[in-house]
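*Asks:* coords please:
(one chain, ligands or ions: 1)
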Amino acid sequence: MQQERLTSIRRDLHKIPELGFEEFKTQQYLLDYIAALPQESLTVETWKTGIFVRVKGENGDKTVGYRADIDGLPLKEETGFPFSSTHEGRMHACGHDFHMTIALGALTRLAADPADDDVVFIFQPAEEGPGGAEPMLESEMMEHFRPDVIFGLHIAPDLPVGTVSSKPGLLFANTSELFIDFTGVGGHAAFPHLTHDMVVTASSFVTHLQQIVARRVDPLDSAVITVGKIEAGTVQNIISQNARLEGTVRSLSPDAMDKVKMEIEKIAKGFEIADDCEIAIDYGSNYHQVFNEETHVQLFKRIMERTPYNFQEAKMAMTGEDFGYMLREIPGFMFWLGVDSEAGLHQSTLKPDEKALVVGVDIVEQTLREL
Ligand SMILES: CC(=O)N[C@@H](CCC[C@H](N)C(=O)O)C(=O)O
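*Replies:* Got it, this is the predicted structure:
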């Protein structure tokens, strides 16, 4: 499929980013596109805002799966692209517009010329949260489309176009969302001694969180705690009785994740006593680590050797991916696809190079045919 056509699909999708389980326009776009393909070998079903597509193989005895995530992020785009997001405060800043376009490109080729094996494309909602992979996997619909082997990709801004990267074993971290609500006593800005100021408590709490990784987690293990959002107060001269922190915890081992959570709770107990307040902790969605199966990564490397593209050994990353749930049940792997962008993932100026679209389609098609 030609660069021009892929670019145009990517730009269409880039304009309409939607949050997890609200991907209605995106789903409709994908369905319309799929409906225009030759239908002889296709079976298409929806699941919530996601889609399953089977391409019947010529004579295969197994099903090979490819998963593309389809949601965007709550971020205001600042790329200056003429095809920027038309949805205020929403952006495809994690490359899911690329992931979907590459899936459509590979699907187009396979619909015209099916592989030996059956191939299933899974367009999965809500990767950024609250997590679509796990419920999709458990759905009744999955029973009709369940692949025997599965893979997925993620764009990599720090790799050049034409390079992919993966590794056997642990690729991405365990993750847990983190929501902390503080309730104290508000009041007049001039009489702080009569209040329990939750702006001060929450700010100090953020600083204490940093000590968990620095001083409580084994330095040979690894963890990250990031607070991405702080909310408190109503106006400049009222001491706030509420505050809320929103963040995420990442770890390379389940033990480190348990340790971090236990330490967060200990700190919260201390603050409740010291600052006379109530603290409620909610861990939101938790994602299972992405663990690549050795045999299939080796096979993928050999497939890559027969392409004009480069394979690089990857390092582990603290990114999270609910694709980890699929890999827990179905053998397979995930890889990074180079898109050469100065700005990184989750940045408002992310500009992946569209030349990577054809590369992605070539690699996904070939891997689907040969896995
Ligand atoms: C690839 C990627 O960027 N994934 C997200 C997954 C987010 C999981 C969840 N909402 C959390 O923040 O823990 C990531 O931020 O790594």
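
*Asks:* show me where the protein has helices.
*Replies:* Counting by DSSP state H, the chain has helices at residues 3-14, 24-35, 96-112, 133-138, 140-145, 198-215, 254-274, 294-305, 323-329, 356-370.

*Asks:* could I get these as CSV with mean neighbour count and mean pLDDT?
*Replies:* For glycine as for every other residue, the C-beta is placed from the backbone atoms N, C-alpha and C. As requested, the helices of the chain are arranged in CSV below (neighbours: other C-beta atoms under 10 Å; pLDDT from 0 to 100):
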stretch, mean neighbour count, mean pLDDT
helix 3-14, 18, 97
helix 24-35, 17, 98
helix 96-112, 24, 98
helix 133-138, 20, 98
helix 140-145, 14, 97
helix 198-215, 17, 97
helix 254-274, 16, 97
helix 294-305, 16, 97
helix 323-329, 22, 97
helix 356-370, 22, 98
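
*Asks:* same list (the ones you listed) but as TSV, adding distance to Trp336.
*Replies:* Converted to TSV, the helices of the chain look like this (distance: least, C-beta to C-beta, whole Å):
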stretch	distance to Trp336
helix 3-14	18
helix 24-35	23
helix 96-112	12
helix 133-138	18
helix 140-145	26
helix 198-215	25
helix 254-274	23
helix 294-305	12
helix 323-329	13
helix 356-370	11
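
*Asks:* need the residues of the stretch 1-150 of the chain near the ligand, please.
*Replies:* 94, 128-129 (C-beta under 6 Å from any ligand atom).

*Asks:* in PyMOL, select just the buried ones from these.
*Replies:* Selecting only the buried entries of these in PyMOL, with 16 or more other C-beta atoms under 10 Å as the criterion:
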select buried, resi 94+128+129
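
*Asks:* closest one of the residues of the stretch 1-150 of the chain next to the ligand to the ligand?
*Replies:* The ligand lies nearest to Gly129 out of those, by C-beta to the nearest ligand atom, at 3.6 Å.

*Asks:* centre of the chain to stretch 282-293, how far?
*Replies:* On the basis of C-alpha atoms, centre = their mean, to the nearest Å, stretch 282-293 sits 11 Å off its chain's mean C-alpha point.

*Asks:* buried residues, it. List them.
*Replies:* Result for stretch 282-293 [16+ other C-beta under 10 Å]: buried residues 285-293.

*Asks:* just confirm yes or no for that stretch near the ligand.
*Replies:* Yes. If you take C-beta under 6 Å from any ligand atom as the test, stretch 282-293 does meet the ligand, through 285, 287.

*Asks:* what is the mean pLDDT for that stretch?
*Replies:* For stretch 282-293, mean pLDDT rounds to 97.

*Asks:* just stretch 113-127 next, same as before
*Replies:* Stretch 113-127 carries an average pLDDT of 98.

*Asks:* how long is that stretch end to end?
*Replies:* With C-alpha to C-alpha, to the nearest Å as the measure, stretch 113-127 spans 30 Å from end to end.

*Asks:* chain center to that stretch: distance?
*Replies:* The chain centre lies 18 Å from the centre of stretch 113-127; the measure is C-alpha atoms, centre = their mean.

*Asks:* with adjacent residues omitted, what lies nearest to His154?
*Replies:* Excluding the flanking residues, the one nearest His154 by C-beta to C-beta, 6 or more residues apart in numbering is Trp336, at 5.8 Å.

*Asks:* show me the protein divided up by domain.
*Replies:* 3-171+290-370, 174-286 (automatic domain parsing).

*Asks:* figure out how far stretch 295-313 is from the centre of its chain.
*Replies:* In terms of C-alpha atoms, centre = their mean, the gap separating the centre of stretch 295-313 from the centre of its chain is 23 Å.

*Asks:* residues making contact with it?
*Replies:* Applying C-beta atoms under 8 Å, 6 or more residues apart in numbering, the contact partners of stretch 295-313 are 149, 151, 159, 162-168, 331-333, 335, 359, 362-363, 366-367, 370-371.

*Asks:* try 10 Å
*Replies:* Residues from elsewhere that reach stretch 295-313 (C-beta atoms under 10 Å, 6 or more residues apart in numbering): 149-151, 156, 159-169, 171, 292-293, 314, 327, 331-338, 359-360, 362-363, 366-367, 369-371.

*Asks:* of these, buried ones?
*Replies:* Buried, going by 16+ other C-beta under 10 Å: 149-151, 156, 159, 161-168, 171, 292-293, 314, 327, 332-338, 359-360, 362-363, 366-367, 369, 371, out of these.

*Asks:* in strands only, show me these.
*Replies:* 149-151, 156, 163-166, 171, 292, 332-338 (DSSP state E).
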